[in-house]
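Trainee: sequence and predicted model, in that order:
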Amino acid sequence: MREIVTGNFAPFRLVLWPPTSLRIVDWNIDRGQQLSGVIDFLVGTSADILILQEVDLNARRTHRLNVAEEIARKLQMNYVFGREFQELVQGSKNDPAYHGQAILAKWPISNSRVIHFSRQSNFWKPHWFVPRVEPFQERLGGRIALVAETNVAGTRVVIYNLHLESKGDDDLRLAQVQEVLSDAASQDPRRPVIIAGDLNLDASKGSVASALAAAGFQDAVAVSLTPTRPSRLLEPGRRIDWAFTRGQIRAASGKVHNQVRASDHYPISFTLTASRG
């Protein structure tokens with residue numbers, strides 16, 4: 001399968017000037033296993049840009065659907081999907097299944113690419129002693145950042161969609177963030193840039209927070225440490241889903257939607273408006 005899959009379902013619109021604001025939603029959708037609930041929530045947000053992690057393509061657990069395309073069709077948006085893993089238990093040699101990240105927008109999407117993090121955990125690699133059956137989750141591939149641009153009536157917005165490693169420590173995750181920041185350093189500092197995703201850590205403190213601040217990024221969902229991953233057996237709720245912005249934009253109305261039950265993560269949302277100066 002191609003590393004990147006795209007589809008265009010947004011109707012053509014003649015727009016003479018950019019909208020006054022953009023609404024952004026970031027969400028780890030847990031493969032899309034509760035797809036109808038995911039779509040119901042997203043329809044209600046009227047979002048301009050969606051940044052989604054844990055998105056299935058042709059996996060048995062999600063009825064062999066291209067989950068990103070299903071969402072894009074229902075919401076009349078364009079999409080790009082970046083392959084993170086081949087899910088060995090969810091497909092077969094002749095009919096493989098994949099798992100990754102997706103960016104959807106009401107506007108044209110271009111220049112999509114994948115950053116393969118050079119530092120990875122070995123946790124997911126197949127081992128001879130692990131059977132290729134559920135509930136084991138053997139995979140080929142590694143964590144990525146999906147990068148794309150969307151042209152909003154002449155204004156280019158650059159989006160980095162991250163899913164950092166869950167089976168390593170914060171030093172590993174910091175190294176993955178630094179690869180993204182190194183890439184983002186090549187962007188025009190005035191251009192709107194969004195870094196968002198499932199970071200699997202508390203990005204409000206420590207080395208990751210310092211690295212993001214030094215690169216000029218600000219928290220777009222300033223709601224303290226409201227958990228984005230609900231509590232589970234022997235594990236308290238955690239804030240691990242984040243969004244940061246840089247450029248001539250201002251983020252506002254940040255929210256964690258902790259009443260939504262269509263995933264094992266809560267969606268986060270915010271609005272972007274042009275800043276002065």
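Mentor: Structure received.
Trainee: sort out which residues of the lowest-mean-pLDDT helix or strand in the chain are buried, please.
Mentor: Lowest mean confidence among the helices and strands of the chain (mean pLDDT, DSSP states H and E): strand 139-141, at a mean of 91. Counting neighbours by 16 or more other Cβ atoms under 10 Å, one finds that the buried residues in strand 139-141 are 139, 141. In short, each C-beta sits where N, CA and C put it, glycine included.
Trainee: that one: partners in the sheet, and parallel or antiparallel?
Mentor: strand 78-87 (antiparallel) (DSSP bridges).
Trainee: need phi/psi at the residue nearest to residue 45 when sequence neighbours are not counted.
Mentor: Leaving aside its chain neighbours, residue 45 sits nearest to residue 25 (5.4 Å; criterion: Cβ to Cβ, 6 or more residues apart in numbering). Taking degrees, to the nearest 10, you get phi -130, psi 130 for the backbone angles of residue 25.
Trainee: my read is that residue 25 contacts residue 46, right?
Mentor: No. Here residue 25 does not reach residue 46: they are 9.7 Å apart, not a contact under Cβ atoms under 8 Å.
Trainee: those two: who's more crowded?
Mentor: When neighbours are counted by other Cβ atoms under 10 Å, residue 25 comes out ahead of the other of residue 25 and residue 46, with 23 against 10.
Trainee: where does the prediction get shaky in the stretch 51-200 of the chain?
Mentor: 127-137 (pLDDT under 70).
Trainee: tell me where it has strands.
Mentor: Applying DSSP state E, counting those that start in this stretch to the stretch 51-200 of the chain gives strands spanning 78-87, 98-105, 109-116, 139-141, 144-152, 155-163, 193-198.
Trainee: could you dump those strands to CSV with distance to residue 226?
Mentor: Putting the strands of the stretch 51-200 of the chain into CSV (distance: least, Cβ to Cβ, whole Å) gives the following:
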stretch, distance to residue 226
strand 78-87, 27
strand 98-105, 23
strand 109-116, 28
strand 139-141, 31
strand 144-152, 24
strand 155-163, 19
strand 193-198, 15
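Trainee: where's residue 14 relative to residue 63, distance?
Mentor: In this view, residue 14 and residue 63 are 37 Å apart by Cβ to Cβ, to the nearest Å.
Trainee: quick one, which of the two is more surrounded?
Mentor: residue 63 (13 against 5).
Trainee: returning to what we had before: and the residue nearest to residue 45, how far from residue 8?
Mentor: 20 Å.
Trainee: same question for residue 155.
Mentor: From residue 155 across to residue 8, the span is 19 Å (Cβ to Cβ).
Trainee: compare those two (neighbour count), which wins?
Mentor: In terms of neighbours (other Cβ under 10 Å), residue 155 is the more surrounded of residue 155 and residue 8; the figures are 18 against 13.
Trainee: okay, and the residue nearest to that one when sequence neighbours are not counted sits in which element?
Mentor: Take residue 155 and drop its neighbours on the chain: the residue closest to it by Cβ to Cβ, 6+ apart is residue 18, 5.2 Å away. Residue 18 belongs to no helix or strand when elements are defined using DSSP states H and E.
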